[in-house]
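1. how does the following fold in three dimensions:
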Amino acid sequence: MATRRTKPGLSLCLMMLTFATPIAGGSAAATADSRSAVTVGTAAATSPYTKWPNGPSHDDGFFPIAVWLQNPRNAARYKAAGFNTYVGLWRGPTEQQLADLAAAGMKVICHQNKIGLKHVDDPVIIGWMHGDEPDNAQSLGAGKGYGPPIQPQKIVADYDRIRRADPSRPILLNLGQGVAWDGWHGRGVRTNHPEDYPQYVKGCDIASFDIYPAVHSNPQVAGKLWYVARGVERLISWTEGKKIVWNCIECTRIHNPKTKATPKQVRSEVWMAIIHGSMGLIYFVHEWRPSFNESALLSDPEMLSAVTALNRQIASLAPVLNTPAIPQAATVTSDNKDVPIAITVKKHKGSTYLFAVAMRDGRTNAAFALPGLAGERAVEVLGENRTIRSQNGAFEDPFDKWDAHIYRIERKPQT
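-> The predicted structure follows:
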């Protein structure tokens, strides 16, 4: 993740997949043209944070929606936009920062400094964090260039130290875009060394990463939103599905004066991440061009409105999202072979939820099949004010470029 005014060349910044098919070099949630399927089952929502008494909420209706390195004076505005967590505090935590967050009812994951340890019983703090992007080449100081990344062994040692001081909260590690893109030159001497990452993730309880394809400057990544999904599934693989995975989301120009993510692209990245197993989101809201703006999201009415609506939809679905995915519960076939559709299926309180997203920039028609759902049923497309019909679990729906649709299928067949 980028910090206040530094690292101009670096970007910012669980748990089972439905089943795997390739995403340009990696595996993914179920995608178009997958064929196997099993009967839809049922599972209860559970919080992944119950092992930490002072960690994030244990309520199964809690889904972390965070913002990166923001001034606590804006916490009430972020809360109104559907955010529930701050990640990182500039040169903090300080007493004033924690007081401001408490006044706004906002939780924080922050560094474990002296002030943080003084507040070890403060419910405002729900987690600790490493320094950002240790896997990237590290600055040697102004005008001195960059040295190698921090070694994984150091991250693991720091993790043990932080955990000894307070085992009641999880420890977050945010990694750079090398998680999703092996060719990221910002890793310096460790570029094209993905084997480092299984070692890095031993030093955390929550593994996160950042990549911003909508505003990316390299043509290998630029515009390829699916790199977000690829990074999520790689983290899940590297942690063997045993740790919580979060990821970062772009919503400003960052360093790109010519373009920024559209609201639709942001929504697509979010659902790509969640469908592939992400259990928490961290929005990166800084912008350097055309001028520096730490809280650029709050200055962009269109994007703020879209992100607020998206956050509220995620919050409303949190009990569903906290249920395990049902492996091989559905198949999907795309009419356009160049636009695969990724899906995951969950069940909550008797209703079946199918989450689907177009993984490429193009249009297609998707045919879904959920063989465990007999008879004719209503399929509500959440947030779109429309309903379609399924017959014995089969239905079709069109996808425009980067579309994401969420389907809720009624419990019982119509009579």
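
2. quick one: pLDDT of L173?
-> Per-residue pLDDT puts L173 at 98.

3. quick one: contacts for it?
-> M129, H130, P134, I155, Y159, Y200, V201, G203, C204, I206, A207, S208 (C-beta atoms under 8 Å, 6 or more residues apart in numbering). In this view, the C-beta of every residue, glycine as well, is placed from N, C-alpha and C.

4. so the last one touches W246, yeah?
-> Which is S208. Yes: between S208 and W246 there is a contact under C-beta atoms under 8 Å: 4.1 Å.

5. which neighbours do the two share?
-> Joint contacts of S208 and W246 (C-beta under 8 Å, 6+ apart) are L172, G280, I282.

6. what helices and strands are in contact with the helix or strand harbouring S237?
-> If you go by DSSP states H and E, S237 is part of helix 226-238. Counting contacts by 3 or more C-beta pairs under 8 Å, 6 or more residues apart in numbering; DSSP states H and E, helix 226-238 packs against strand 22-23, strand 26-27, helix 197-200, strand 206-209, strand 244-245, strand 247-250, helix 263-275.

7. what angle sits between that helix and helix 263-275?
-> If you take axes from the mean of the first three to the mean of the last three C-alpha atoms, to 10 degrees, helix 226-238 sits at 10 degrees to helix 263-275.

8. what's the spacing between helix 226-238 and its chain's center?
-> Centroid separation for helix 226-238 versus its chain: 10 Å, with C-alpha atoms, centre = their mean, to the nearest Å.

9. with only the CA atoms kept, save that helix in PDB.
-> The C-alpha coordinates for helix 226-238 follow below in PDB (Å, rounded to 0.1, in the frame of the first residue of the first chain):
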ATOM      1  CA  TRP A 226      -8.800 -10.600 -12.600                       C
ATOM      2  CA  TYR A 227      -5.300 -10.100 -11.100                       C
ATOM      3  CA  VAL A 228      -7.200  -9.300  -7.900                       C
ATOM      4  CA  ALA A 229      -8.900 -12.700  -7.900                       C
ATOM      5  CA  ARG A 230      -5.600 -14.400  -8.700                       C
ATOM      6  CA  GLY A 231      -3.900 -12.900  -5.700                       C
ATOM      7  CA  VAL A 232      -6.600 -14.000  -3.400                       C
ATOM      8  CA  GLU A 233      -6.500 -17.600  -4.500                       C
ATOM      9  CA  ARG A 234      -2.800 -17.700  -4.400                       C
ATOM     10  CA  LEU A 235      -2.800 -16.500  -0.800                       C
ATOM     11  CA  ILE A 236      -5.400 -19.200   0.100                       C
ATOM     12  CA  SER A 237      -3.200 -21.800  -1.600                       C
ATOM     13  CA  TRP A 238       0.000 -20.600   0.100                       C
END
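
10. same question for that helix, mean pLDDT?
-> On average, helix 226-238 scores 98.

11. how far away is I115 from L89?
-> 10 Å (C-beta to C-beta, to the nearest Å).

12. tell me which of those two has more neighbours.
-> L89 (24 against 19; other C-beta atoms under 10 Å).

13. contacting residues around the more buried one?
-> L89 sits in contact with L69, P72, Q97, V108, C110, H111, where contact means C-beta under 8 Å, 6+ apart.

14. and of those residues, the nearest to T252?
-> L69 (13.0 Å; C-beta to C-beta).
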